[in-house]
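In: turn this into a model:
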Amino acid sequence: MSGLQIIRTPGGEELVVLPRAEYEALVARVDQGAEDADDIAIYDSRKAELAAGGAVLPPEISSVILRGESRLQAIRNWRDVTQLHLERITGISQGYLSDLETGRRAGTPETIAKLAQALEVPVDWLS
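Out: Here you go, the predicted structure:
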């Protein structure tokens, strides 16, 4: 790092001043580290599910989830079903489905079971 400047406050605290480009590079590296940690946590969770004999998601669903989609959205897209079609076959409103997919709301066990049946997947895949 170049262009660093250290300033000492009257209270003795040291402050570091650095060029904005270097600051933004540091922030980007921190963000990348957090994203990597999230990916590792998801991987560890899936690996634990495998070891426990839990429901195993197909790799194409897992990879989409790793890119940020919710399980419900990933499975719905994998089954090539729109929210409107899922609304018609389950009676669950499209708005509520959207809220479930974005995490704004959590589904009841009955709702999750209805969605799993409609998407022809184990309930564990949506839990």
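
In: what is the subsequent helix or strand relative to the helix ranked longest in the chain?
Out: The residue-count maximum for a helix in the chain (DSSP state H) belongs to helix 20-51. Later in the chain than helix 20-51, the nearest helix or strand by DSSP states H and E is helix 59-66.

In: avg pLDDT for that next one?
Out: Averaged over helix 59-66, pLDDT sits at 87.

In: in that helix, what's buried?
Out: Buried positions in helix 59-66, judged by neighbour count with 16 or more other Cβ atoms under 10 Å: 61-62, 64-65. For the C-beta atoms, the positions are set from N, CA and C on the backbone; glycine is no exception.

In: closest to residue 125 out of those?
Out: Ranked by distance to residue 125 (Cβ to Cβ), those are led by residue 61 at 8.0 Å.

In: ok, the residue nearest to that closest one when sequence neighbours are not counted - how many residues close by?
Out: Distance criterion Cβ to Cβ, 6 or more residues apart in numbering; nearest residue to residue 61, sequence neighbours excluded, is residue 74 at 4.9 Å. Residue 74: 23 surrounding residues under other Cβ atoms under 10 Å.

In: re earlier: what angle do the longest helix of the chain and helix 59-66 make?
Out: 140 degrees (axes from the mean of the first three to the mean of the last three Cα atoms, to 10 degrees).

In: secondary structure class of residue 75, three-state.
Out: helix (DSSP: H, G, I helix; E, B strand; the rest coil).

In: now the two most distant members of the buried residues of helix 59-66.
Out: Spanning the widest gap among those are 62 and 64, at 7.3 Å by Cβ to Cβ.

In: per-residue pLDDT, the closest residue to residue 113 other than its chain neighbours?
Out: Once flanking residues are discounted, residue 113 sits nearest to residue 123: 5.6 Å by Cβ to Cβ, 6+ apart. pLDDT recorded at residue 123 is 89.
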